[in-house]
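S.K.: Predicted model and sequence below, questions to follow.
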Amino acid sequence: DAGVIQSPRHEVTEMGQEVTLRCKPISGHDYLFWYRQTMMRGLELLIYFNNNVPIDDSGMPEDRFSAKMPNASFSTLKIQPSEPRDSAVYFCASSPTASPYNEQFFGPGTRLTVL
Amino acid sequence: QKEVEQDPGPLSVPEGAIVSLNCTYSNSAFQYFMWYRQYSRKGPELLMYTYSSGNKEDGRFTAQVDKSSKYISLFIRDSQPSDSATYLCAMRLAGAQKLVFGQGTRLTINP
């Protein structure tokens, strides 16, 4: 299995631009999670989906952030408009319902820099 | 106050040393406790998993949970340079999917 796939791996943009991050979860996994990691705040859960339905978006920082999961194999996290404080590494993770440990499998991350 | 507190380090020790990494937490309802390891420029990966209180050993790694003190630990014996990484504790409620992570401790093992 290829694991969780994220694109792009690096993104540099200017303040005010729209940014779209993409994720392909592991096939057969029912849960998909979006995290943000910074030195100051560590790893924070932004939103997670179960069977393509958003379950908890309480970690989404503000209305500039939105996430969708149109099907079981694809999810996007969009920031519009982007701000310098959004600079971080964004991780997507997926998890199968049947896992005894509810282990989450992380992708390699997208390193976002907003100038 | 954060739900999960973890000293970010950095922590630097010589090869072969015993390493102790710790987290404290405030929510006594947490039931499942995990340690993730994250190499530089990679995503975290699950290293150890324990349920409720007690110890769990896996090779050179031992995870301990003390629910009465709301304190969890990860011990690494005979540490190797390949153990150099950031270690994140994580925990969740019973029946929940959401993980709450500590900030992570950056560990370097010097040859």
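M.R.: Right, received. Where do you want to start?

S.K.: how about the residues of chain A near chain B?
M.R.: A:4, A:31, A:41-45, A:48, A:50, A:55-56, A:91, A:93, A:95, A:101-109 (Cβ under 8 Å from any Cβ of the partner chain). The C-beta positions use only the backbone N, C-alpha and C, and glycine is treated the same way.

S.K.: Now with 7 Å, please.
M.R.: Residues of chain A found near chain B (Cβ under 7 Å from any Cβ of the partner chain) are A:31, A:42-43, A:45, A:48, A:56, A:91, A:95, A:101-104, A:106-109.

S.K.: which one of the residues you listed is nearest B:Y49?
M.R.: Of all the residues of chain A next to chain B, B:Y49 sits closest to A:Y101, with 4.7 Å by Cβ to Cβ.

S.K.: nearest residue to that closest one other than its sequence neighbours?
M.R.: B:Y49 (4.7 Å; Cβ to Cβ, 6 or more residues apart in numbering or on different chains).

S.K.: Quick check, the one you found in contact with B:Q31.
M.R.: No: using Cβ atoms under 7 Å, B:Y49 is not in contact with B:Q31; the gap is 11.7 Å.

S.K.: neighbours around residue 58, how many?
M.R.: Chain wasn't specified; assuming chain A. 8 (other Cβ atoms under 10 Å in any protein chain shown).

S.K.: wrong chain, I was asking about chain B
M.R.: B:D58, neighbours per other Cβ under 10 Å, totals 10.
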